[in-house]
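Enquirer: One predicted model, sequence on top.
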Amino acid sequence: MIMIDCDFPGGNIIAERIDGDDVFLRQDLRDTDRDWFYWYFRVRGAAGRTVRFHFTGSNVIGTRGPGMSEDGGVTWRWLGNDAVDGQSFVYAFANDADDVRFSFGMPYVQADLDRFLASYVDSDYLVAETLCETRKGRDVEILYVGRLDGGADLRVLIAARHHCCEMMQSYVLEGMMAAILGEDDLGRWFQGRVECLVIPFVDKDGVEDGDQGKNRKPRDHNRDYVGESVHIETAVIRERVPDWSAGKLKVAIDLHCPWIRMNRNETIYLVGSESEAPWQEQIRFSHILEAERTGSLPFFAADNLPFGVEWNTAENYAAGKSFGRWAGELPGVQLATAIEFPYANVGDLDTSPELARVFGRDLAAALKVYLETMV
């Protein structure tokens, strides 16, 4: 008998019915105030069968078909568009298939971060602490990376997963941290001059529970930097970061993923500030990143989204203040920006955890040049 469930970290699905080899399902929106597209489920009991999966709501299959994993969510590949027909996809299970997982993207949860951190357990350049405890009792990590003896003359703030469903950014973050911790010239430069504060899962409960996170009611984490914070995590960030910055904080980066498909959502881009001086810093950094890029995924400064264009308007921020806007107001900060990294493809090229990590290294390389050439 085919069994569909999401009873594991990051899982999200509502299985409506199973009719022979046809499964009808939809994403669980929970406390999201509009339609969104994250889902992640497990199939068991389908060995040797060809099964069709039909999404009954909106079209939530991405541009490269579902992500799929045959090892419990450790490694992922794209199923591809040949398996997709409208809002459905088909998969032929091997005769020995036991646990096959499908998702909108390539999920990254606590176990993935733990594997990464285990590789650097003996490093002198990484310290993991607890930012706070979530309402559900989970620890929210705060990582200090780079020069940690108090002698760093520069500080950088990096946040990820304000919107918990936006998983591909976490692979980018891994690439950035690996570069900073590396034993080459790039790593040694950071280890000699820069202290980075990294918050890998701002919405830890959402990541582990498999929420959408985007447009969460009553206010999502990335609109929670004004007034009295709704979320414990953002309240503690607002309390701790200004003290830590000590006048040395120069750059704040918030990693995100865009919408599901089409046009700019299939490019890597920076979200432009409404103020001219910060926007000019974003432009400068973007040109450095374009020049420093070594990976195959394209990045062009011309793809950045200026304020007042498409969704990047004052109306979009009416629900509150974003992390980037808040960080940009901290003393000494010259560059505060959100960076959007697509889920499935950048132009004609498929994304993958490996390529996302390479882009993360390129971000670190560009950050070095930017910091060295600040006015």
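Expert: Looks like it came in fine.
Enquirer: The stretch 101-250 of the chain: helices as residue ranges?
Expert: Using DSSP state H, counting those that start in this stretch, the helices found in the stretch 101-250 of the chain span residues 110-118, 168-180, 185-193, 204-209, 232-245.
Enquirer: Could you dump those into JSON lines with mean pLDDT added?
Expert: Compiled in JSON lines, those are given as follows (pLDDT from 0 to 100):
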{"stretch": "helix 110-118", "mean pLDDT": "99"}
{"stretch": "helix 168-180", "mean pLDDT": "99"}
{"stretch": "helix 185-193", "mean pLDDT": "99"}
{"stretch": "helix 204-209", "mean pLDDT": "99"}
{"stretch": "helix 232-245", "mean pLDDT": "98"}
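Enquirer: Please identify the most buried of those.
Expert: Greatest average neighbour count among those goes to helix 168-180 (a mean of 25), per mean count of other C-beta atoms under 10 Å. Glycine gets a C-beta too; all of them are placed from N, C-alpha and C.
Enquirer: Which neighbouring elements make contact with it?
Expert: Packed against helix 168-180, as judged by 3 or more C-beta pairs under 8 Å, 6 or more residues apart in numbering; DSSP states H and E, are the following elements: helix 110-118, strand 139-146, strand 154-160, helix 185-193, strand 194-199, strand 249-256, helix 353-372.
Enquirer: partner strands of the fifth one, parallel or antiparallel?
Expert: Meaning strand 194-199. Using DSSP bridges, strand 194-199 pairs in its sheet with strand 139-146 (antiparallel), strand 154-160 (parallel).
Enquirer: winner for burial among the ones you listed?
Expert: Highest mean neighbour count among those (mean count of other C-beta under 10 Å): strand 154-160, with a mean of 24.
Enquirer: Off-centre distance for that strand?
Expert: Taking the mean of its C-alpha atoms, strand 154-160 sits 15 Å from the chain's own mean (C-alpha atoms, centre = their mean, to the nearest Å).
Enquirer: coming back round to it: adding distance to residue 39 as columns, could you present the helices of the stretch 101-250 of the chain in JSON lines?
Expert: Shown next, in JSON lines, are these (distance: least, C-beta to C-beta, whole Å):
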{"stretch": "helix 110-118", "distance to residue 39": "18"}
{"stretch": "helix 168-180", "distance to residue 39": "15"}
{"stretch": "helix 185-193", "distance to residue 39": "37"}
{"stretch": "helix 204-209", "distance to residue 39": "13"}
{"stretch": "helix 232-245", "distance to residue 39": "24"}
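Enquirer: which one of those helices lies closest to residue 85?
Expert: helix 168-180 (24.7 Å; C-beta to C-beta).
Enquirer: now the closest one and strand 139-146, what's the angle there?
Expert: Inter-element angle recorded for helix 168-180 and strand 139-146: 40 degrees (by axes from the mean of the first three to the mean of the last three C-alpha atoms, to 10 degrees).
Enquirer: Between strand 249-256 and helix 168-180, find me the angle.
Expert: 140 degrees.
Enquirer: Please compute how far stretch 297-309 lies from its chain's middle.
Expert: With C-alpha atoms, centre = their mean as the basis, the mean position of stretch 297-309 lies at 18 Å from the chain mean.
Enquirer: what does stretch 259-279 give?
Expert: Per C-alpha atoms, centre = their mean, the centroid offset for stretch 259-279 relative to its chain is 15 Å.
Enquirer: quick revisit: out of the helices of the stretch 101-250 of the chain, nearest to residue 62?
Expert: Closest approach to residue 62 among the helices of the stretch 101-250 of the chain (C-beta to C-beta): helix 168-180, 10.6 Å.
Enquirer: In JSON lines: the strands paired with strand 194-199, plus distance to residue 3 and mean pLDDT.
Expert: What follows is those, written out as JSON lines (distance: least, C-beta to C-beta, whole Å; pLDDT from 0 to 100):
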{"stretch": "strand 139-146", "distance to residue 3": "32", "mean pLDDT": "99"}
{"stretch": "strand 154-160", "distance to residue 3": "33", "mean pLDDT": "99"}
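Enquirer: between the ones you listed, which gets nearest to residue 311?
Expert: Closest approach to residue 311 among those (C-beta to C-beta): strand 154-160, 20.0 Å.
Enquirer: Next, residue 4: phi, psi?
Expert: Main-chain torsions, residue 4, degrees, to the nearest 10: phi -120, psi 130.
Enquirer: And what about the closest residue to it other than its chain neighbours, helix, strand or coil?
Expert: Ranked by C-beta to C-beta, 6 or more residues apart in numbering and with sequence neighbours excluded, the top spatial neighbour of residue 4 is residue 15, at 4.2 Å. Three-state assignment for residue 15 (DSSP: H, G, I helix; E, B strand; the rest coil): strand.
Enquirer: so what's residue 15 scoring on pLDDT?
Expert: In this model, residue 15 is scored at 98, pLDDT.
Enquirer: Now do the same contact list for it.
Expert: 4-5, 23-25, 41 (C-beta atoms under 8 Å, 6 or more residues apart in numbering).
Enquirer: Lovely, talk soon.
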